[in-house]
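Enquirer: pasting the sequence and the predicted model now:
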Amino acid sequence: MFTIEQLQAFVATSEAGSFSAAARQLGRAQSVISQHIMNMELDCGVDLFERSGRYPTLTGKGRELLPYALATISQLDRLNNKASQLFSQPASQLILAVDEGIPLTRLPKALKNLEQQFPQLQVECLTASSPDIIELVKSERATTGIILSELQMPKNTDSCNLGHIGFDAFVSSEHPLANHNVKHIDELKQHRQLVIGSKNADNSGFNQAVSPDIWYADNYYILLELANKGFGWCFLPEHLVAHTPNTLVKVGEEFTKLAWQVNIDLIQHQKWHSDPLHQQARLELQTLFE
């Protein structure tokens, strides 16, 4: 019933918020986008967008159709990626981007196993915050990423869970909070918070800013050093604090009961999903936290 061009116009308009923005995103004329949407609505017999306001918004029927359109376009992308691999040489390079807050003591063994199966293997390792790694994989600068789990992922990436690590709130033993029995997170808002950010100013989905006074860094080692010198409190991986010389203490016995486990995910661009090297890399990297 629908063409791929119509579905792309429909999805782009819903995401971009206007026909003109969708046209720019797809590199088409606005009239073409509008016509695609109108043809879809004629075929459906219902309005997919409400046009009474300044910008088009999805109707109830449009919201019902959107997930199916997204799934169809995703499958088309997978088909195109698979087809392109049929006529190209298998990859020999693994570009691995890793969040510095994740322990990787078993990574050398995984890479050794991978090298034995792919003697021509070339590896490049990058470190960045998890939001930045998502962008590196999305842009294909990295072929594989190991990140602290995020709720929002780009449509062109695949992911699987590798395990989890513990986080808690820490502060210098010389900080006023060190001797204060914090019972609620609101009490922390009175003190500076040190927060993981990214190079494009996006914050991690699970490490949100709480205090009105915030200092940012894009890796946990900097956060640890700032906290160690008394500049503020922060959420840190427990393993990092345990294995790094510091004077940090957990924030209050009552508050530490709020400590949580954060999932670790492996992500890859969909174009590498069927590539032999990256398939095996997924298998090897899934042993990192067993």
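Expert: Alright, I've got the coordinates.
Enquirer: from here on, contacts and neighbour counts on C-alpha atoms
Expert: Will do.
Enquirer: and residue 198, how far from residue 188?
Expert: In this view, residue 198 and residue 188 are 23 Å apart by C-alpha to C-alpha, to the nearest Å.
Enquirer: go on, residue 154?
Expert: 33 Å.
Enquirer: cool, and residue 126?
Expert: With C-alpha to C-alpha as the criterion, residue 126 and residue 188 are 33 Å apart.
Enquirer: now swap in residue 80 and tell me
Expert: From residue 80 across to residue 188, the span is 50 Å (C-alpha to C-alpha).
Enquirer: neighbour count for the two, which is higher?
Expert: Taking other C-alpha atoms under 10 Å, residue 80 and residue 188 do not tie; residue 188 has more neighbours (20 against 12).
Enquirer: hmm, the more buried one is touching residue 209, no?
Expert: No - using C-alpha atoms under 8 Å, residue 188 makes no contact with residue 209, being 10.9 Å away.
Enquirer: surely residue 220 is in contact with residue 238?
Expert: No - here residue 220 does not reach residue 238: they are 11.2 Å apart, not a contact under C-alpha under 8 Å.
Enquirer: comparing these two, which residue is more hemmed in?
Expert: Per other C-alpha under 10 Å, whichever of residue 220 and residue 238 has more neighbours is residue 220, with 25 against 17.
Enquirer: show me the contacts for the more buried one.
Expert: Residue 220 makes contact with 100-101, 196, 236, according to C-alpha atoms under 8 Å, 6 or more residues apart in numbering.
Enquirer: now do the phi/psi pair for it.
Expert: Main-chain dihedrals, residue 220, degrees, to the nearest 10: phi -70, psi -20.
Enquirer: residue 209 now?
Expert: phi -70, psi 130.
Enquirer: hmm, it is touching residue 193, no?
Expert: Yes - look at residue 209 against residue 193 with C-alpha under 8 Å: they come within range, at 7.3 Å.
Enquirer: who has more neighbours out of these two?
Expert: residue 193 (23 against 19).
Enquirer: run through the residues that contact the more buried one.
Expert: 209-211, 213-215, 232-234.
Enquirer: in a helix, residue 98, correct?
Expert: No - read with DSSP: H, G, I helix; E, B strand; the rest coil, residue 98 is strand and lies in no helix.
Enquirer: and it, what are its bridge partners?
Expert: residue 127, residue 146 (DSSP bridges).
Enquirer: wait, residue 191 touches residue 232, no?
Expert: Yes - with contact defined as C-alpha under 8 Å, residue 191 counts as touching residue 232 (6.7 Å).
Enquirer: so for the two, which sits in the more crowded spot?
Expert: residue 232 (25 against 19).
Enquirer: residues contacting the more buried one?
Expert: 171-172, 175, 191-194, 226.
Enquirer: tell me where the stretch 151-290 of the chain has helices.
Expert: 220-228, 238-242, 276-285 (DSSP state H, counting those that start in this stretch).
Enquirer: return the most buried member of those helices.
Expert: helix 220-228 (a mean of 21; mean count of other C-alpha atoms under 10 Å).
Enquirer: what comes up buried for the lowest-mean-pLDDT helix or strand in the chain?
Expert: When the helices and strands of the chain are scored by mean pLDDT, DSSP states H and E, helix 60-86 comes last with a mean of 80. Buried residues in helix 60-86, counted by 16 or more other C-alpha atoms under 10 Å: 62, 66, 69-70, 73-74, 77-78, 81-82.
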